[in-house]
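J.: Here is my input, please return the structure:
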Amino acid sequence: MFLSFFKKLAKPIFGNFETEEFKKFLRMGALFAFIIGVYWTLSQLKTAIFCSLIGASQIPWAKTISFICLIPVVLLYTKLLEKFAREKVFYLLAVIYGACSVFFGILLLTGHIAQAECLLNGSETTFSNLGSTFLVYVFYIFSESFGALFPALFWAIAADTTQPESAKKGFSLIVAIGQLGGIAGPYFISSLPLRLGFETSALSLFICAAAIFYLIFLLKRFFIFTPADLLVSFHGKNESSEEKKQEMGFFEGLYLLLSHSYLLGIFAVIAFPDFLSTIFDVHFNSLAAQHYSGVELAEFLGIYGSSVNLIALIFLLCGIGNIARFFGVAIALLLMPVIYAAATLGFVTLNSLTFLFALMASSKAINYSLNSPAVKQLYIPTTHDVRFKSQAWIDAFGSRGAKQSGSLFNMMLTPMQKNLGEVAGRARHALWASYLGFGIIGCWFFIAFYLGRMHKKAIDEKRVVC
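T.: Sure, this is the predicted structure:
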């Protein structure tokens, strides 16, 4: 009864589903909700802890180190995919990351990461000890790697078990359900220690650990209860010949990425919004760290994370996914650079914590609700190795590489503020960012057009692109 009601409710927003098909995407949505909930909670916790202990101005260095550390992590991940089935790799990662979350929670609880004892004085930081500082960097890397691997593996499984027509409606539904986790996770979990009067965020990490372990149960349930005919992937007429060209190897995913313009285009449309958001981020985090610290900063950033996902959910419930369903993936992709052009103009024009909160939340929400489902559909007319191995490189280094590049640009902010003053330095940095941003947005538009055309052609001809 309830299933029929929600199916009818979803029809005008996402499209008409068969009953078993609807159940499939509900299961995938639940799985994605837990991944997104943990991801956003860890993301805001790592920022809050880092800003409280080390300082927001040092985040570019943390992103640089985490980017370098991701290279062996992704290499190991692709090697695991060669040896084990996709589900087993997922289960193994869940055990590892769940255990690590418990470990870091204990470190916070015992004071080895002294989140509540550290004070900020402008850009200067009082360190409790070097060991604590090192552990904060390790926690930062851990959180970044979770965001690089789990969503990529989830969407690889989704693309490998979904037909193109079903993905047009189903992927937006998955993202919509996922936003529920993104709303509840960072707000309720991140703020819970402050509400209970605790001085550290250890409890938040223990809850994250439980959620990660629960992912194993959800994925098992998905494969057990979803009919076999709904777990079939897209197969092109030329797929066998394309797969013969793809040799096994440690760097196979990277090689495929670098050898196909289609995959480089996907890399670009993932990287561009993250690059611009990283520049917005440093201004937002700096202002936030001036107003809050410790668990209060964790709560504020948790509210911010929930706001992003709430706005994304509102967009999806208003039918933003119908843009790709009715007008095609190309139109959805082309709208993104136009929207980010407006966001960049607002960024350089106004500068306050409230405005940056609204700007960051809305721009990231539109990226998750419109761009992300469209980009994931681009992987459907590709081979198995591209979906699993190349997608890992694209998602990890498209997103993290963009954040790293943005962080390198952000390293100029501190010298500018020292030479010109805090307000004038930030204004000069924002102005230079806008010049660079508009150049990137121009390239983004033409790449989106190319990807949309190639995707449509491959689906129409029933061929894989690569």
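
J.: Which is the succeeding secondary structure element to the helix or strand encompassing Trp40?
T.: Take DSSP states H and E as the rule and Trp40 turns out to sit in helix 19-53. Using DSSP H and E, the helix or strand that follows helix 19-53 in sequence is helix 59-83.

J.: what residues does that next one touch?
T.: Helix 59-83 has contacts (CB atoms under 8 Å, 6 or more residues apart in numbering) with 47, 50-51, 54, 89, 92-93, 137, 140-141, 144-145, 148-149, 153, 248, 250-253, 278, 281-282, 285, 388-389, 392-393, 396-397, 400-401, 403-404, 407-408, 410-411. No exception for glycine: its C-beta is placed from N, CA and C like everyone else's.

J.: again, but for stretch 258-276
T.: Residues outside stretch 258-276 that contact it (CB under 8 Å, 6+ apart) are 256-257, 333, 336-337, 340, 343-344, 363, 367, 371, 375, 378-379, 382, 386, 390, 394-395, 397-399, 401-403, 405-406, 437, 440-441, 443-444, 447-448, 450-451, 454, 465-466.

J.: Mark which of those residues are buried, thanks.
T.: Neighbour-count burial (16 or more other CB atoms under 10 Å) applied to the contacts of stretch 258-276 gives 256-257, 333, 336-337, 340, 343-344, 363, 367, 371, 375, 378-379, 382, 386, 390, 394-395, 397-399, 401-403, 405-406, 437, 440-441, 444, 447-448, 450-451, 454, 465-466.

J.: returning to that earlier point: ok, of the contacts of helix 59-83, which come out buried?
T.: Looks like these have 47, 50-51, 54, 89, 93, 137, 140-141, 144-145, 148-149, 153, 252-253, 278, 281-282, 285, 388-389, 392-393, 396-397, 400-401, 403-404, 407, 410 buried, using 16+ other CB under 10 Å.

J.: In helices only, show me the residues you listed.
T.: Among the buried ones among the contacts of helix 59-83, the ones falling in helices (DSSP state H) are 47, 50-51, 89, 93, 137, 140-141, 144-145, 148-149, 153, 252-253, 278, 281-282, 285, 392-393, 400-401, 403-404, 407, 410.

J.: Within the helices and strands, which one has Ser233?
T.: Per DSSP H and E, there is no helix or strand for Ser233.

J.: what about it, how many neighbours?
T.: 15 (other CB atoms under 10 Å).

J.: which phi and psi does it have?
T.: When read as degrees, to the nearest 10, the backbone of Ser233 gives phi -90, psi 170.

J.: Kindly confirm whether my reading is correct that it touches Ala159.
T.: Yes: here Ser233 reaches Ala159: they are 7.2 Å apart, a contact under CB atoms under 8 Å.

J.: Spit out the contact partners of Ser166.
T.: Ser166 makes contact with Glu21, Leu230, according to CB under 8 Å, 6+ apart.

J.: Relative to Ser362, how far out is it?
T.: Between Ser166 and Ser362 the distance is 29 Å, computed by CB to CB, to the nearest Å.

J.: do the same with Lys79
T.: Counting by CB to CB, the gap from Lys79 to Ser362 is 39 Å.

J.: Looking at the two, which has the bigger crowd around it?
T.: Remark: of Lys79 and Ser362, Ser362 carries more neighbours, 18 against 15, as counted by other CB under 10 Å.

J.: quick one: pLDDT of the more buried one?
T.: Note on Ser362: pLDDT of 86.

J.: Residues in contact with whichever strand or helix holds Leu9: which ones?
T.: Element membership of Leu9 [criterion: DSSP H and E] is helix 2-14. For helix 2-14, contacts defined as CB under 8 Å, 6+ apart pick out 17, 19, 22-23, 169-170, 172-173, 176, 316-319, 321-322, 325.

J.: Taking the residues you listed together, which two end up most distant?
T.: Distance extremes for the contacts of helix 2-14: the farthest pair is Thr19 and Cys318 at 25.1 Å, using CB to CB.

J.: Name the nearest residue to Phe22, ignoring sequence neighbours.
T.: Nearest residue to Phe22 in three dimensions, chain neighbours excluded: Lys7, at 5.1 Å (CB to CB, 6 or more residues apart in numbering).

J.: scratch that, Leu413
T.: Per CB to CB, 6+ apart, closest to Leu413 is His429, 4.7 Å.

J.: ok, now His384?
T.: Excluding the flanking residues, the one nearest His384 by CB to CB, 6+ apart is Asp160, at 6.6 Å.

J.: Which residues lie in contact with that neighbour in this structure?
T.: For Asp160, the contact set (CB under 8 Å, 6+ apart) comprises Arg86, Ser233, His384, Arg387, Phe388.

J.: By residue count, which helix of the protein is the longest?
T.: helix 422-461.

J.: circling back: residues that sit against both of Ser233 and Ala159, list them.
T.: Ile380, Arg387.

J.: In this structure, where is pLDDT below threshold?
T.: Low-confidence segments of the chain (pLDDT under 70): 1-2, 56-57, 112-131, 235-253, 294-295, 350-351.

J.: Tell me which residue is most central in it.
T.: Central residue of the chain (CA atoms, centre = their mean): Gly147, 5.9 Å from the mean position.

J.: if we look at stretch 338-358, which residues are touching it?
T.: Stretch 338-358 has contacts (CB under 8 Å, 6+ apart) with 272-273, 276, 279-280, 283-284, 287-288, 291, 304, 307, 359, 362-363, 366, 426-427, 430-431, 433-434, 437-438, 441, 444-445.

J.: Buried members of those into ChimeraX, please.
T.: ChimeraX command restricting those to the buried ones, with burial defined by 16+ other CB under 10 Å:
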select :272,273,276,279,280,283,284,287,288,304,307,359,362,363,366,426,427,430,433,434,437,441,444,445
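
J.: right, and out of the contacts of helix 2-14, which lies closest to Leu42?
T.: Ala176 (21.7 Å).

J.: hmm, back to that, what's the spacing between the helix holding Leu9 and its chain's center?
T.: 27 Å (CA atoms, centre = their mean, to the nearest Å).

J.: list the buried ones in that helix?
T.: For helix 2-14, the neighbour count (16+ other CB under 10 Å) marks Lys7, Ala10, Ile13, Phe14 as buried.

J.: Is Leu149 in contact with Ala392, as I believe?
T.: Yes: contact criterion CB under 8 Å: Leu149 and Ala392 qualify, at 7.1 Å.

J.: Now do the helices in the stretch 251-400 of the chain.
T.: Assigned by DSSP state H, counting those that start in this stretch, the helices in the stretch 251-400 of the chain fall at 252-259, 261-291, 294-317, 322-327, 329-349, 353-366, 372-377, 384-385, 391-393, 400-410.

J.: looking at this, Phe198 is in a strand?
T.: No: under DSSP: H, G, I helix; E, B strand; the rest coil, Phe198 sits outside any strand and is assigned coil.

J.: how much space between it and Leu108?
T.: When Phe198 is compared with Leu108 (using CB to CB), they lie 10 Å apart.
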